[in-house]
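Asker: Structure, please.
(one chain, ligands or ions: 2)
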Amino acid sequence: MPIIKQMDARLADMIAAGEVVDRPASIVKELVENAIDANANRITVDIEAMGMKAIIVTDNGSGMDAEDAHLAFLRHATSKIAHPGDLNHIATLGFRGEALAAIAAVSKVTLKTRQKDAEGVYVTYHGSSLQGEGAATLNEGTVVEVTDLFFNTPARFKYIKSEQAEKHAIIDIFDRLALANPGIRMTLTMDGNMVKQTYGNNDFYALIDQIHGSRMTRDMTVFETDIQKIKLTGYLLSPQINRARKKDVHLFVNGRTIKNYALVQAVIDGYHSFLMVNRYPIALIHLVMDPSLLDVNVHPQKTEVKFANESLLAYHIEHQVKNALLKKNHRLPEGLKTIASETIGDIHIQQLDLDAPTRGDNQPAATADTPKLPTFDYVGTYAGTYLIFQNDEGLFMMDQHAAEERIRYEHYFKALAHPVKATRPLMIPYPLNLLNKDLDQIRHHRAVFIAHGFDFDDDVTLTGIPVWLIEDEVDIAIETMLSMLEEKTEIDLSVLRDRLAKDISCKGAIKANQPLSRIEIDGLVANLKRCQNPYTCPHGRPTVIKLSEHEIERMFKRVI
Ligand SMILES: Nc1ncnc2c1ncn2[C@@H]1O[C@H](COP(=O)(O)OP(=O)(O)O)[C@@H](O)[C@H]1O
Ligand SMILES: [Mg+2]
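Answerer: Ligands and ions are numbered 1, 2, ... in the order given. You can find the predicted model right below:
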């Protein structure tokens with residue numbers, strides 16, 4: 001007697017539903033994506049009781065006819081792809097034809113829809129079985145109402161996290177969808193209260209302010225570039241606005257919000273040395289590329305995407321972010337509030353200057369002849385560490401160690417830009433301490449290493465290193481070179497230089513509490529002024545803080 005039976009469709013649907021709808025937020029995502037695919041330019045999301053009671057998504061998109069309103073609930077039923085070849089160039093957010101079937105399998109759903117110049121219809125499903133259908137009155141578009149979520153899968157219900165967690169997950173997905181679609185007016189209400197609303201007028205400044213909070217785009221850096229055939233646009237919020245978590249680095253590919261660890265990390269690395277350790281930027285990266293260069297069919301929720309050339313893309317993103325931030329004249333952190341470090345919710349703002357100019361009369365873009373640091377005169381040193389300066393704008397305090405770290409970091413960065421190809425013999429040969437696999441690689445690529453200035457007596461002992469390399473950095477240099485050889489079969493010196501400069505700056509072996517002579521102080525200031533980013537040390541701490549004359553007068557109550 002066989003014991004294996006094919007499942008009936010309803011059971012199979014319930015199991016499959018788990019991959020698509022694991023929590024209320026994923027229903028919000030699927031329904032809004034359907035509305036976007038239907039070319040809506042207004043989408044409203046209404047949530048009750050964290051989505052457990054009701055999720056209602058209303059759009060003004062194309063709508064469906066009566067027949068499609070039924071077909072939409074079948075598993076693997078879609079209007080978006082038809083042939084295997086279509087999988088190679090998916091231009092819509094949906095394509096698997098599973099979402100409505102999956103949602104209906106675990107909840108009670110009513111879909112009302114009306115096409116232009118047609119009558120409206122509705123269909124109702126409870127846990128995949130048709131409960132009712134008929135005529136409906138509504139505007140052109142579609143309304144999907146999901147109630148009693150997980151009423152028939154109590155096990156799933158139990159896994160729902162705290163109310164707060166579900167609420168955040170919904171807001172999070174809404175934010176991503178809204179940021180990905182600047183041309184769609186989106187509204188989110190929860191239990192009748194308006195939570196977020198965007199204008200849908202394609203203005204990224206307004207959009208980001210609406211999603212992340214007002215005045216977030218002050219000092220935002222925007223860049224646009226082409227990398228091979230990929231169009232890359234970045235919106236980089238000022239490093240002074242930062243977060244404790246990584247989740248506000250948003251990636252979008254062809255309008256789809258995606259997760260990709262390597263690319264998020266590339267953005268964070270681009271902010272390296274502008275941000276403190278364990279603080280993360282808020283940034284949006286939009287990629288537009290030929291759909292055949294990526295695979296979105298990795299996971300049923302379609303949030304993971306594989307790129308044909310991920311590491312190269314990551315490398316370019318990091319450099320674009322870094323260069324764009326370097327080009328900008330950031331402000332010196334100013335005033336006492338800086339020092340107290342305002343915290344608003346999770347967002348950490350190092351400066352709050354309420355009468356500062358808003359966008360439009362923004363800071364001028366940096367040019368070669370606008371100095372990034374003002375000219376000031378030395379007044380004295382406090383606590384053996386903080387150099388005090390003044391000019392007619394106010395007082396300036398410089399952390400001499402932070403300044404020196406910045407200077408060293410940029411020095412190494414430059415030194416490695418055009419490394420001299422010469423070998424420096426080692427007094428004491430250096431046995432490489434590597435895995436066998438790596439030693440094999442070195443043997444294999446011996447000629448490449450020698451061409452870059454290394455020398456070996458046998459194949460595991462170094463007798464010479466390139467002149468630009470510090471002895472402390474040998475291991476990391478070799479490891480980095482090996483991983484490049486593995487990935488790309490050649491050594492990219494600019495990537496190597498980046499890695500090394502970062503590593504050097506992390507070691508930061510800089511004298512503490514050492515009094516500096518006047519000549520040294522002048523040298524330090526002159527060198528800091530020559531830096532591309534004089535504002536922060538490589539770990540993101542400020543190098544200079546300004547106390548404006550106005551601020552000082554306020555402290556003494558000369559002005560209010
Ligand atoms: N809001 C909507 N407006 C118009 N058509 C929709 C909407 N939602 C779903 N549909 C139709 O129902 C089909 C099935 O939707 P879904 O189950 O989400 O699968 P997919 O989006 O992967 O095609 C879609 O292909 C589309 O034709
Ligand atoms: Mg869909």
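
Asker: all helices of the stretch 101-250 of the chain, in order?
Answerer: Counting by DSSP state H, counting those that start in this stretch, residue ranges of the helices within the stretch 101-250 of the chain are 154-159, 163-180, 204-212.

Asker: Which part of the stretch 151-300 of the chain gets nearest to ligand 2, residue-wise?
Answerer: The shortest separation between the stretch 151-300 of the chain and ligand 2 is 11.0 Å, found at residue 300 (distances taken as CB to the ion). For the C-beta atoms, the positions are set from N, CA and C on the backbone; glycine is no exception.

Asker: count of residues packed around that residue?
Answerer: Each residue near residue 300 was counted by other CB atoms under 10 Å, and the total is 18.

Asker: just residue 492 next, same as before
Answerer: Burial of residue 492, expressed as a neighbour count using other CB under 10 Å, amounts to 15.

Asker: Find me the pLDDT at it, would you?
Answerer: On pLDDT, residue 492 comes in at 75.

Asker: Please apply the same query to residue 176.
Answerer: Reading off the model, residue 176 has pLDDT 93.

Asker: can I assume it is in contact with residue 250?
Answerer: Yes. Counting by CB atoms under 8 Å, residue 176 does reach residue 250; the two are 6.0 Å apart.

Asker: Mind listing what's buried along the helix or strand encompassing residue 529?
Answerer: Assignment of secondary structure by DSSP states H and E places residue 529 within helix 518-530. Of all the residues in helix 518-530, those buried under the rule 16 or more other CB atoms under 10 Å are 521, 524, 525, 527, 528.

Asker: Can I get the helices of the stretch 101-250 of the chain in TSV including mean neighbour count?
Answerer: Formatted as TSV, the helices of the stretch 101-250 of the chain follow (neighbours: other CB atoms under 10 Å):
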stretch	mean neighbour count
helix 154-159	11
helix 163-180	20
helix 204-212	19
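
Asker: Compute the number of surrounding residues for the residue of the stretch 51-200 of the chain found nearest ligand 2.
Answerer: In the stretch 51-200 of the chain, the residue that lies nearest ligand 2 is residue 94 (2.8 Å; CB to the ion). When counting by other CB under 10 Å, one arrives at 20 neighbours for residue 94.

Asker: ok but it is inside a helix, no?
Answerer: No. With the criterion set as DSSP: H, G, I helix; E, B strand; the rest coil, the secondary structure at residue 94 is coil rather than a helix.

Asker: Could you list the residues in contact with stretch 20-34?
Answerer: The contact list for stretch 20-34 (CB atoms under 8 Å, 6 or more residues apart in numbering) reads 43, 45, 47, 50-52, 55, 57, 59, 93-94, 98-100, 102-103, 106-107, 142, 144, 146, 149, 156, 159-161, 166, 169-170, 172-174, 177, 186, 300-301.

Asker: Equivalent analysis for stretch 142-158, please.
Answerer: Taking CB under 8 Å, 6+ apart as the criterion, the residues outside stretch 142-158 that touch it are 14, 17-18, 22, 24, 27, 31, 34-35, 38, 51-59, 61, 63-64, 100, 103, 106-114, 127, 160.
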